[in-house]
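> just the structure for this:
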Amino acid sequence: MEPTEVSERNEPLKIGGWLILIAIGLVVAPVRILYFVGVTYPSIFIDGTWEVLTTYGSEIYSPLWGAIIIGELVGNLLFAFLGIYLAYLFFTKRSVFPKWYLGLAITSTAFILIDAYLVSIVLPEMEVFDSETIQEVVRSLFTLCVWSPYLLFSQRSKNTFIKVRT
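This is a model prediction of the structure:
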């Protein structure tokens, strides 16, 4: 039996090959996002930054700041929890995993670009595509353009993610 063929008993293939790299990414991504949220957002609400940004009349007030910060916080938490769900679909070899992966890749890429655009409205003099944002965009586009097609079209993926909900 070839390593990309389903066994005679219609069992999914073991996680192997390039899927191991995807598995690592699926485990690391939610941890990385939750770490970022834990390091970034509490200080905004504790050290007075929130009040300065969202209080009418302050030097750097913008009516968009509140929506941007809350949107980023909620979006990042949502992506972290969806990442955990995606890992569940992956490790249980669910047939819907490749489509969910593609959906999350598209959504996260759009989220990064929309967030950068909104920040550019509030801070037009700031370089929106700094090294951190560029790194996130490249990571997101790589996921979208390399891993998503691999999951959707490779024989290995088709023979691994075969379990349907019963």
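
> show me where this structure dips below the pLDDT cut-off.
Applying pLDDT under 70 to the chain flags residues 1-9, 166.

> ranges for the helices of it?
19-46, 49-54, 63-91, 97-122, 131-142, 148-153, 155-160 (DSSP state H).

> among the ones you listed, which is nearest residue 11?
helix 155-160 (9.6 Å; CB to CB). C-beta here means a position set from N, CA and C on the backbone, and glycine is covered the same way.

> packing partners for the closest one?
helix 19-46 (3 or more CB pairs under 8 Å, 6 or more residues apart in numbering; DSSP states H and E).

> in the helix it packs on, what's buried?
19, 22, 25, 26, 29, 30, 33, 34, 37, 41, 44 (16 or more other CB atoms under 10 Å).

> surely the fourth one meets residue 82?
It refers to residue 26. No. Under the criterion of CB atoms under 8 Å, residue 26 makes no contact with residue 82, lying 10.9 Å away.

> re earlier: can you lay out the buried residues of helix 19-46 as TSV showing distance to residue 123?
Listed next are these as TSV, based on distance: CB to CB, whole Å:
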residue	distance to residue 123
19	41
22	35
25	31
26	33
29	27
30	29
33	23
34	26
37	21
41	18
44	15
